[in-house]
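Asks: have a look at this prediction, sequence included:
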Amino acid sequence: MLRKIGYGFIVWVVPYVSAIPLLGLMQSDLIFFKTLMILVGGLTGAVCITLYFMKVDRDYLQEGIWLGVVWLVLNWLLDFVALLPLSKMPYLQYFKEIGLRYLVMPAMSIPVGYVLSKKIKA
């Protein structure tokens, strides 16, 4: 569980920190800013999923499900603590603009776990 949380923190902190020097883009080109954040988050997630599964040797699908759920909840919690107080964004707006995008985490980790479980059985 500690590895799941550790990688989940990395998946949250890398885009958060990389957004700081790009904050000017939020005023000048919001779409480009959001595109960059999605790319940074997706690439960070892909690398962390790969590193996580390198040390998994069984129950791949179950691990993929739990990894996605832990990352999803952890990233929401970290946003509630660090992002929402700064942005003063209402919860509904947060989920519409940012929060639902975190569903990509289980959407990436579950298929990886599924494919690994099928490859190992074959």
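Replies: Thanks, I have it.

Asks: look up how far Lys34 lies from Val115.
Replies: Noted for Val115: a distance of 29 Å to Lys34, by C-beta to C-beta, to the nearest Å. In short, each C-beta sits where N, CA and C put it, glycine included.

Asks: average pLDDT for whichever helix or strand Val47 is part of?
Replies: Val47 is part of helix 30-54, with elements assigned from DSSP states H and E. Across helix 30-54, pLDDT averages out at 95.

Asks: so Ile49 makes contact with Ser109?
Replies: Yes: counting by C-beta atoms under 8 Å, Ser109 is a contact partner of Ile49 at 5.5 Å.

Asks: overlap in contacts of these two?
Replies: Jointly contacting Ile49 and Ser109 under the rule C-beta atoms under 8 Å, 6 or more residues apart in numbering are Leu67.

Asks: more neighbours, these two?
Replies: Ser109 (27 against 22; other C-beta atoms under 10 Å).

Asks: confidence score at the nearest residue in space to the more buried one that is not next to it in sequence?
Replies: In space, and not counting its chain neighbours, Ser109 is closest to Gly68: 3.9 Å by C-beta to C-beta, 6 or more residues apart in numbering. Per-residue confidence at Gly68 stands at 97 (pLDDT).

Asks: would you enumerate the residues in contact with Gly68?
Replies: Going by C-beta under 8 Å, 6+ apart, Gly68 touches 105-110.

Asks: apply 6 Å and report the result again.
Replies: 105-106, 109-110 (C-beta atoms under 6 Å, 6 or more residues apart in numbering).

Asks: and for Phe80?
Replies: Counting by C-beta under 6 Å, 6+ apart, there are no residues that Phe80 touches.

Asks: quick check: the gap between it and Met1.
Replies: In terms of C-beta to C-beta, Phe80 sits 21 Å off from Met1.
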